[in-house]
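Engineer: Sequence first, predicted model second:
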Amino acid sequence: MVAGKVLAVLVGSLLLGIGVNGFLVPHHLLDGGMIGLGLIMHYFYGWPTGLTILFLSIPLYFLAWFLERRYFFHSLHGLMISSLFIDLFAPVAKEWSLGILPSAIIGGLLVGCGIGLMLRHETSTGGTDLLAQLIHKFVSVNVGILIFAIDGLVILAGLNVIGLEKFTYSLLTIICVGAMTSICVIKREGMA
């Protein structure tokens, strides 16, 4: 079980690092949640995306510590490793040349697969994935749907940074992220 969780975090983080840097960053697209907030800070200030995600997640980890320590412990390593992989794969952003539409879709599918894989093994990247898990404790709404709603709010907040055209493609990205995350979580919930 531990080996499966470690593998899920590593593979999920790899998918996140490639999805974010290989497909979203070259076109200045956003994901939602903490990744989206990290990308907004990256585009606006030039800050490293992964490190920004790490710092922005601290308040949610305090919340998890008090509400559900199991989520705290199960997602802390996911946050650390995924943030590291996102910054480690930052040079990939200069290597890809796909158009904006396929990048929005593929980037969203990769990020969604990475997040979903981790959630399926009861871990996460922290951030708003962690927030969605905490909310799911109190309401019976699919975690993927909760993540989609939070993601929508985040890209709406980034509208002034990326503009309307990239906002539209970013919306497509979070639809793909939410769909893939939901598929993985549904499979997990169906297995339980």
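Structural biologist: Okay, I see it.
Engineer: Mind giving me the packing neighbours of the lowest-mean-pLDDT helix or strand in the chain?
Structural biologist: Lowest on mean pLDDT, DSSP states H and E among the helices and strands of the chain sits helix 127-138, with a mean of 79. With contacts taken as 3 or more C-beta pairs under 8 Å, 6 or more residues apart in numbering; DSSP states H and E, helix 127-138 sits against helix 33-45, helix 58-67, helix 69-88, helix 100-120, helix 143-157. Where C-beta positions appear, they are placed from N, C-alpha and C, glycine not excepted.
Engineer: Now find how far off-centre the longest one is within its chain.
Structural biologist: I take that to be helix 100-120. 8 Å (C-alpha atoms, centre = their mean, to the nearest Å).
Engineer: Then the shortest one?
Structural biologist: The chain centre lies 18 Å from the centre of helix 58-67; the measure is C-alpha atoms, centre = their mean.
Engineer: again, but for stretch 173-181
Structural biologist: On the basis of C-alpha atoms, centre = their mean, stretch 173-181 sits 10 Å off its chain's mean C-alpha point.
Engineer: List the residues that contact the spatially most central residue of the chain.
Structural biologist: The residue lying closest to the centre of the chain (C-alpha atoms, centre = their mean) is I35, at 5.2 Å. Contacts for I35 were tallied using C-beta atoms under 8 Å, 6 or more residues apart in numbering; they are 16, 20, 49, 53, 86, 111, 125, 127.
Engineer: could you redo the last one with a cut-off of 6 Å?
Structural biologist: For I35, the contact set (C-beta atoms under 6 Å, 6 or more residues apart in numbering) is empty.
Engineer: pLDDT score for it?
Structural biologist: pLDDT recorded at I35 is 91.
Engineer: Could you pick out the longest helix of this protein?
Structural biologist: Once the chain is assigned using DSSP state H, the helix that runs over the most residues is helix 159-191.
Engineer: buried residues in it?
Structural biologist: Of all the residues in helix 159-191, those buried under the rule 16 or more other C-beta atoms under 10 Å are 161-162, 166-167, 169-182, 184-185, 188.
Engineer: Just give the closest residue to H77, not the sequence neighbours.
Structural biologist: In this structure, H77 finds its nearest non-sequential neighbour in V9, 6.0 Å apart by C-beta to C-beta, 6 or more residues apart in numbering.
Engineer: dump the residue contacts of the one you found.
Structural biologist: Each residue near V9 by C-beta under 6 Å, 6+ apart is listed here: 77-78, 81, 123.
Engineer: buried stuff in stretch 36-45?
Structural biologist: 36-43.
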